[in-house]
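**Q** Have a look at this prediction, sequence included:
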Amino acid sequence: MNKKDKVEMTRSILNNAMNMNLNKEIILKISQKLDQCIYEYYEENDEREKK
């Protein structure tokens, strides 16, 4: 699974968690994971552009 797919999947999970009114702590952890995935995605793409 590439980074972009991971971002999309995590975003979908976060959206579903919010729609199901899950505990705010769980939503926060998913949101933090999404932030990490987005960071990794952009970090990888920045390296490609520099080459």
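**A** Perfect, I can see it now.
**Q** Look through the chain and tell me its longest helix.
**A** Secondary structure assigned by DSSP state H gives helix 24-50 as the longest helix of the chain.
**Q** Return the set of buried residues in the helix or strand bottoming out on mean pLDDT in the chain.
**A** Using mean pLDDT, DSSP states H and E, the weakest-scoring helix or strand in the chain turns out to be helix 24-50, at a mean of 90. Neighbour-count burial for helix 24-50, with 16 or more other C-beta atoms under 10 Å as criterion, is recorded at 30-31, 34, 37, 41. In this view, the C-beta of every residue, glycine as well, is placed from N, C-alpha and C.
**Q** can you pull the contacts of residue 36?
**A** Contacts for residue 36 (C-beta atoms under 8 Å, 6 or more residues apart in numbering) come out as none.
**Q** Closest to the centroid, which residue in the chain?
**A** Of all residues in the chain, the one closest to the mean position by C-alpha atoms, centre = their mean is residue 34, 2.3 Å from it.
**Q** Now do the same contact list for the nearest residue to that residue once chain neighbours are set aside.
**A** Using C-beta to C-beta, 6 or more residues apart in numbering and skipping the chain neighbours, the partner closest in space to residue 34 is residue 10 (4.5 Å). Contact criterion C-beta under 8 Å, 6+ apart gives 30, 33-34, 37 as the residues in contact with residue 10.
**Q** I'd like the distance between residue 10 and residue 26.
**A** Counting by C-beta to C-beta, to the nearest Å, the separation of residue 10 from residue 26 is 13 Å.
**Q** can you list the contacts of residue 10 in TSV and add distance to residue 45?
**A** Shown next, in TSV, are the contacts of residue 10 (distance: C-beta to C-beta, whole Å):
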residue	distance to residue 45
30	23
33	19
34	17
37	13
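**Q** Which member of those residues is positioned nearest residue 4?
**A** residue 37 (9.3 Å; C-beta to C-beta).
**Q** Relative to residue 11, how far out is that closest one?
**A** Separation of residue 37 from residue 11 (C-beta to C-beta) stands at 8 Å.
**Q** quick one, what contacts residue 14?
**A** For residue 14, the contact set (C-beta under 8 Å, 6+ apart) comprises 27, 30-31, 34.
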